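A.B. asks: what follows is a predicted protein model with its sequence.
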Amino acid sequence: MDEFDTMKISRWLVLILGLSLGACAQTSVRGGPEAKDSEVLESSNSRARVHTELAAQYYSRRQYAVAMQELREALQADGAYAPAYNMLGLLHGALLETKEAEANFSRALDLAPHYSEAHNNFGYFLCSQRRYADALSHFERAWANPLYATPEKALANAGQCALRSGNLVEAERLSKRALVRAPNQSQALETLADIQFRQGNTAMAHSLLNQADGQGGLDAVGLWLAVRVERRAGNRETEAEYGAQLRRRYPESQETAWLLSGQFDKQGDGQ
C-alpha cells in the first residue's frame, strides 16, 4: 500500500462524520424533478433505513464486516434503497475497492439522480482518485440542488479538491462561497489557510486555522498544516502540541506518517 492509499483510508473515516442519512430524505417540490428521488430516498420499508443507519455507525467505528452485513440486510429489505448504495460506496472506498465503490455510488445516483449527498460523497471519492474534473462536476450537482440542506459541505469539499489539483484560484473562490453559506465552515477555513501558507502569509494562515480549530477541532489535514505553520513561525512548543494531537487522533493518517518521517515539505494533496 503506497502513501496515497494510506491517506485515502483516513479521509474516508473523516468523511463519515459528515454523512447525514437523515438528510437523505429531502423534501421535494410536488411534480418537480426531485419527486421520484424523494420516493426512492424515503423507503416505505423501515428495515432498509434502520439497517443503513446502523451500517453507518459500524462504519464510523471501522467495523467494516458488520457494516457490510447491515447493508446486505438493508438491500434485502429494499433493493432500490439509494442511501444503502451510497453507504456501500463509502464502505468500499474505505476498503480501497475502487471499482465497487464507483459502481455503488453510480447505482445510488441511477436510482435518485438528484441525491445531493451521494453526489457529494461520489465527488469526494473521485477526488481521492485524482479525477478532479469529474469530482468537481458531482460537487456542483450537489450544491446546485436548492433542496440540499448543506450546500456549504459540497462547496468546501470542492474547494479542497481544487486545492489538491493545484488550482489555488478556484480553491479560494469555492471556499469563500462555502463561508458565505456557513461563516465558520471549518474545512473551507482550512483550505484558505493552506492557500495563505503556500503564498507565504503565515500570520493569516495561523489566524484562519485558529478560527477553524474553534469549530470543534482540526482534522488531519488541518493539524498537519498547523504543524507546518507553527514550525515556520518558530513556535516549537505549539508545533509539538499540534503534532501530538495529530499522532493521537489520526495515527494511521498519511499526515502522521509525514510527521514521523520529518517530511515537512509535504502538502495535503500528497505532493
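C.D. replies: Thanks, I have it.

A.B. asks: how much space separates V66 from A182?
C.D. replies: Per CB to CB, to the nearest Å, V66 is found 33 Å from A182. Just so you know, the C-beta spots here come from the backbone N, C-alpha and C atoms, and that holds for glycine as well.

A.B. asks: an error on my part: the question was meant for V221.
C.D. replies: Using CB to CB, one obtains 18 Å as the distance from V221 to A182.

A.B. asks: look at the two and report which has more neighbours.
C.D. replies: Between V221 and A182, counted using other CB atoms under 10 Å, the more crowded position is V221 (26 against 17).

A.B. asks: so that one makes contact with Q254?
C.D. replies: No: contact status for V221 versus Q254: not in contact, 9.5 Å apart, counting by CB atoms under 8 Å.

A.B. asks: show me where pLDDT drops low in the stretch 1-150 of the chain?
C.D. replies: Where the stretch 1-150 of the chain drops to pLDDT under 70, the residues are 1-44.

A.B. asks: quick one: the helices in it, in order.
C.D. replies: For the stretch 1-150 of the chain, helices defined by DSSP state H, counting those that start in this stretch occupy the ranges 3-15, 35-41, 46-60, 64-77, 82-94, 98-111, 116-128, 132-143.

A.B. asks: which among these is found nearest to G216?
C.D. replies: For G216, the closest of the helices of the stretch 1-150 of the chain is helix 3-15, at 12.4 Å, according to CB to CB.

A.B. asks: thinking again about what came up before, could you dump the helices of the stretch 1-150 of the chain into JSON lines and include distance to P151?
C.D. replies: Written out in JSON lines, the entries for these read as follows (distance: least, CB to CB, whole Å):
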{"stretch": "helix 3-15", "distance to P151": "17"}
{"stretch": "helix 35-41", "distance to P151": "16"}
{"stretch": "helix 46-60", "distance to P151": "21"}
{"stretch": "helix 64-77", "distance to P151": "27"}
{"stretch": "helix 82-94", "distance to P151": "17"}
{"stretch": "helix 98-111", "distance to P151": "17"}
{"stretch": "helix 116-128", "distance to P151": "8"}
{"stretch": "helix 132-143", "distance to P151": "4"}
